[in-house]
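Peer 1: give me the fold of what follows.
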Amino acid sequence: MSEANRSMSDALSARQTHILKSLIDEYIEAAEPIGSESLEKKYDLGVSPATIRNEMLTLTKMGYLRQPHTSAGRIPSPKAMKFYIDQLME
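Peer 2: Here you go, the predicted structure:
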């Protein structure tokens, strides 16, 4: 896969970026796997927990999140932390 195609397939939507940033912020604070309902309650993401779960699944498949075990929330991967540092830190 060429570098251009790789960056295109790794491109995140604005919603995915917002969810990822919120999840990483929460993970930094809580140091435990983060679920969709806790994100929905604490951050104004403007979507339902089910939509957040679907986006988290997509982010997991893209390598940005990991799920430590089946019933757990998600944690950021090293790829997500690099993206956060490079693109999202304020």
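Peer 1: out of the helices and strands in this protein, which is least certain?
Peer 2: helix 3-9 (a mean of 42; mean pLDDT, DSSP states H and E).
Peer 1: for the spatially most central residue of the chain, what are its contacts?
Peer 2: The C-alpha lying nearest the average C-alpha coordinate of the chain belongs to Leu20 (Cα atoms, centre = their mean; 2.9 Å). By Cβ atoms under 8 Å, 6 or more residues apart in numbering, the contact list for Leu20 reads 12, 59, 64-65, 76, 80, 83-84, 88. From N, CA and C alone the C-beta is placed, and that goes for glycine too.
Peer 1: Pro76 too?
Peer 2: Residues counted as contacts of Pro76 (Cβ under 8 Å, 6+ apart) are 20, 23-24, 27, 64-66, 84.
Peer 1: which pLDDT value belongs to it?
Peer 2: For Pro76, the model assigns a pLDDT of 96.
Peer 1: tell me how far it lies from Ile19.
Peer 2: From Pro76 across to Ile19, the span is 11 Å (Cβ to Cβ, to the nearest Å).
Peer 1: hang on, the earlier thing: any chance of the contacts of Leu20 in JSON lines, with secondary structure and distance to Ile34 too?
Peer 2: Shown next, in JSON lines, are the contacts of Leu20 (DSSP: H, G, I helix; E, B strand; the rest coil; distance: Cβ to Cβ, whole Å):
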{"residue": "Leu12", "secondary structure": "coil", "distance to Ile34": "17"}
{"residue": "Leu59", "secondary structure": "helix", "distance to Ile34": "12"}
{"residue": "Tyr64", "secondary structure": "coil", "distance to Ile34": "13"}
{"residue": "Leu65", "secondary structure": "strand", "distance to Ile34": "9"}
{"residue": "Pro76", "secondary structure": "strand", "distance to Ile34": "9"}
{"residue": "Ala80", "secondary structure": "helix", "distance to Ile34": "12"}
{"residue": "Phe83", "secondary structure": "helix", "distance to Ile34": "16"}
{"residue": "Tyr84", "secondary structure": "helix", "distance to Ile34": "14"}
{"residue": "Leu88", "secondary structure": "helix", "distance to Ile34": "16"}
